[in-house]
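Novice: Here is my input, please return the structure:
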Amino acid sequence: MSILSGIKIIEIEGIGPGPFCGMQLADLGADVILIQRPSLGATENDSGDSTAVLNRGKKIIQLNLKDPQHRAQVIELLRYADGLIEGMRPGVMERLGLGPDLCLQENPKLVYGRVTGWGQTGPLAQAAGHDLNYIGLSSALWYAGRPGDAPVTPPTLIGDIGGGALHLTIGMLAAIFNAYRTGKGEIIDAAMVDGSANMMNLLFSSRANGRFSNQRGKSLLDGPHWYDSYRCSDNKFITIGALEPKFYQLLLSKLELSADKDFCDQLDSEKWPAQKDKLRHIISQNSQAYWCSLLEGSDVCFSPVLDPDQAAQHPHNRAREVFSMRNNHLEANPAPRFHNHPFAAPANAQMVSCGEIVSLWSKQA
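Specialist: This next block holds a predicted model:
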């Protein structure tokens, strides 16, 4: 039995963080029903594809929410559900006759999870946007780049997934727990601008202590030579994160730089540019494989920079079964791990009817 067995979730078809949240809950064993628009089929994230990574473990029902009879079927499902996930612009679900007030009238214990970029309220609530825009406004993009250059960020990871999907998942689990305890449902407003700002609190803590500056390139994690990625002689890359003094001293020892006066002062930010140039030259003289053989597994705080296929083949990831192949495509396995509830290989989504699910859920009620 999975850790969320018995939890029943309705996911309204969308893109990005909503489907990711639904996948997470399905990975944990919840019964996730994806309501898909039959006229559109697959959307931009292949939500209509039963083999899509974000649909693994889900059941798919095709319903047109603009059709009163189809909408009535969703409401019937809602009476037995623990939660609903939707990622429409504010007001869309209300116009469809499936807003949170109506849904909680049908099921007072329902947790109604809403995820958007800007949130349900505020001057930008109705504006279009994407991951990059939300994290730009929240300051989560500010330190992602070198001084003088435009910031860069991995697509979707900070806003859509970190700020949106993961915060929605946390909110859903917390509110479902509360509903089981109190009998009262909840409406969750998970905004990517809020969530990505919340993710900055570790840096804000350092900022409050004077260890992080608004000036890019002058703080412990965005400027020093001992915390960066470097190009090797084979045009591959490595990362070094020797933050703590003992790790920094080990790095110098491994590189035979302990007696080099240019590297004796770890924390003088005025020296970081010259130190980084020298370390960049040193790293560029050898291949990624060479640096892995010298530094990997030590307390230098090191890793190679790998593409997805390379990451899947790395011995550590293979030992932990981080990745798998499903339907001839690479995907990451469920996380986190549970000692008493080992994860099973995710299954493809199943096409089902509303009647089947109502019959199943009504027996479980």
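
Novice: where in the stretch 101-250 of the chain is pLDDT low?
Specialist: For the stretch 101-250 of the chain, no stretch has pLDDT under 70.

Novice: Strands of that one, residue ranges please.
Specialist: 111-116, 186-191, 227-231, 237-241 (DSSP state E, counting those that start in this stretch).

Novice: winner for burial among the ones you listed?
Specialist: strand 111-116 (a mean of 27; mean count of other CB atoms under 10 Å). Every residue, glycine included, has its C-beta placed from N, CA and C.

Novice: For residue 277, identify the helix or strand it belongs to.
Specialist: Residue 277 is located in helix 272-283, with elements delineated by DSSP states H and E.

Novice: so that helix versus strand 227-231, what angle?
Specialist: Interaxial angle, helix 272-283 versus strand 227-231 (axes from the mean of the first three to the mean of the last three CA atoms, to 10 degrees): 40 degrees.

Novice: which helices and strands does helix 272-283 pack with?
Specialist: Packing partners of helix 272-283 (3 or more CB pairs under 8 Å, 6 or more residues apart in numbering; DSSP states H and E): strand 227-231.

Novice: Just the C-alpha atoms of the strand it packs on, please, in PDB.
Specialist: What follows is strand 227-231, C-alpha atoms only, in PDB (Å, rounded to 0.1, in the frame of the first residue of the first chain):
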ATOM      1  CA  TYR A 227      31.700  28.200  -5.800                       C
ATOM      2  CA  ASP A 228      31.200  28.000  -9.600                       C
ATOM      3  CA  SER A 229      31.200  25.800 -12.700                       C
ATOM      4  CA  TYR A 230      34.200  25.500 -14.900                       C
ATOM      5  CA  ARG A 231      35.000  24.400 -18.500                       C
END
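
Novice: mind listing what's buried in the helix holding residue 277?
Specialist: For helix 272-283, the neighbour count (16 or more other CB atoms under 10 Å) marks 272, 275, 276, 279, 283 as buried.

Novice: I'd say the fourth one and residue 230 touch.
Specialist: Yes. Look at residue 279 against residue 230 with CB atoms under 8 Å: they come within range, at 7.1 Å.

Novice: Overlap in contacts, these two.
Specialist: Contact with both residue 279 and residue 230 is made by no residue, according to CB atoms under 8 Å, 6 or more residues apart in numbering.

Novice: how about the buried residues of helix 272-283 in CSV, adding distance to residue 291 and pLDDT?
Specialist: Conversion of the buried residues of helix 272-283 to CSV gives the following (distance: CB to CB, whole Å; pLDDT from 0 to 100):
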residue, distance to residue 291, pLDDT
272, 21, 94
275, 18, 96
276, 16, 95
279, 12, 97
283, 7, 98
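
Novice: coming back round to it: the inter-axis angle of the helix holding residue 277 versus strand 237-241?
Specialist: 130 degrees.

Novice: wait, what's in contact with the spatially most central residue of the chain?
Specialist: For the chain, the residue whose C-alpha lies nearest the mean C-alpha position (CA atoms, centre = their mean) is residue 161; its distance is 3.0 Å. By CB under 8 Å, 6+ apart, the contact list for residue 161 reads 17, 20.
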